[in-house]
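> model this:
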Amino acid sequence: MATEIINNGTSLNIVTDGSPNFIIKSQIRDVNVLRDTIIKIDIGQGALNNVFIDQATVDVPVSKDVNDLRDQIIAMLQGNAAGLATELKQDSEIATIHDLQTQVKDLQGKMGSVDSKLFFEPTIVDENNPNFIYKGFAIPGSKTSDPVWAIEKITSKKGVLSYQWAGGTKNFDKVWDNRTALVYS
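Numbering: from 1, shown residues only. Model prediction:
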């Protein structure tokens, strides 16, 4: 009978012959050696609900004797084993959340100035070619060399107009200065 004791952060997963048994760490009251190779994990719900582990059958973690295994289980219950929250991890997560909030506010500001009316009036129009008209849409004041443009190409063939967008999308990620070299669909 092979047994593994795995630290899952807030619980211990005791797998015996492939059958898992999860014990919430906060429920564990005591871990002690009963005799020779037997460890008792007292979960405070009476004798019939205690967990008994034979150190001789435990493959993971590797231990030299029953006392060593008991100490390893106690170490899993204490300290900051892998996956548990630490002040450093929390500070890192808070910094990440702060960065995301800043990015969301920035996007909200940009989207506030780019409302649905933006597509009704282009920022710039190129009518130099009699067969094509290019219309550029961007936030007013955008540089023509910045990748912040949505560019529409209107083609006239025998009086039939065709409307296409650079890159096949209305995304604001094109450079107006490159409009004649872009692929439209």
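> any idea how far the residue located most distally from the centre of the chain is from G46?
In terms of distance from the mean C-alpha position of the chain, K158 ranks first, at 52.1 Å (C-alpha atoms, centre = their mean). Using C-beta to C-beta, to the nearest Å, K158 is found at 90 Å from G46. Just so you know, the C-beta spots here come from the backbone N, C-alpha and C atoms, and that holds for glycine as well.
> what ranges of the protein fall below the confidence cut-off?
Across the chain, the ranges flagged by pLDDT under 70 are 79-86, 111-119.
> okay, now the domains of it?
3-77, 116-178 (automatic domain parsing).
> now these in CSV, please, with extra columns for distance to S185.
Output for these, formatted as CSV (distance: least, C-beta to C-beta, whole Å):
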stretch, distance to S185
domain 3-77, 50
domain 116-178, 4
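> which one of those domains lies closest to E87?
Checking the domains of the chain against E87 by C-beta to C-beta gives domain 3-77 as the closest, at 16.1 Å.
> pull the distance from the closest one to the chain's centre.
Distance of domain 3-77 from its chain centroid, counting by C-alpha atoms, centre = their mean, to the nearest Å, is 33 Å.
> for stretch 157-168, same thing?
That offset, for stretch 157-168, works out to 40 Å (C-alpha atoms, centre = their mean).
> quick one: contacts of it?
For stretch 157-168, the external contacting residues (C-beta atoms under 8 Å, 6 or more residues apart in numbering) are 131, 149-156, 173-174, 179, 182-185.
> which of those residues lies closest to H98?
So of these, ranked by how close each gets to H98 (C-beta to C-beta), first place is D173, at 26.2 Å.
> contact partners for that closest one?
Counting by C-beta under 8 Å, 6+ apart, D173 touches 147-149, 167.
> can you do 6 Å?
With contact set as C-beta atoms under 6 Å, 6 or more residues apart in numbering, D173 has these partners: P147.
> and P122, by the same measure?
By C-beta under 6 Å, 6+ apart, the contact set of P122 is 135-137.
> after the lengthiest helix in the chain, which helix or strand is next?
If you go by DSSP state H, the chain has its longest helix at helix 87-113. Once helix 87-113 ends, the next helix or strand along the chain (criterion: DSSP states H and E) is strand 124-126.
> what about that following strand, distance to the chain center?
For strand 124-126, the distance to the chain centre is 41 Å (C-alpha atoms, centre = their mean).
> adjacent strands (with direction) for that strand?
Strand 124-126 sits in its sheet next to strand 132-137 (antiparallel), going by DSSP bridges.
> how far away from the center of its chain is the partner strand?
For strand 132-137, the separation from the chain centroid amounts to 38 Å (computed by C-alpha atoms, centre = their mean).
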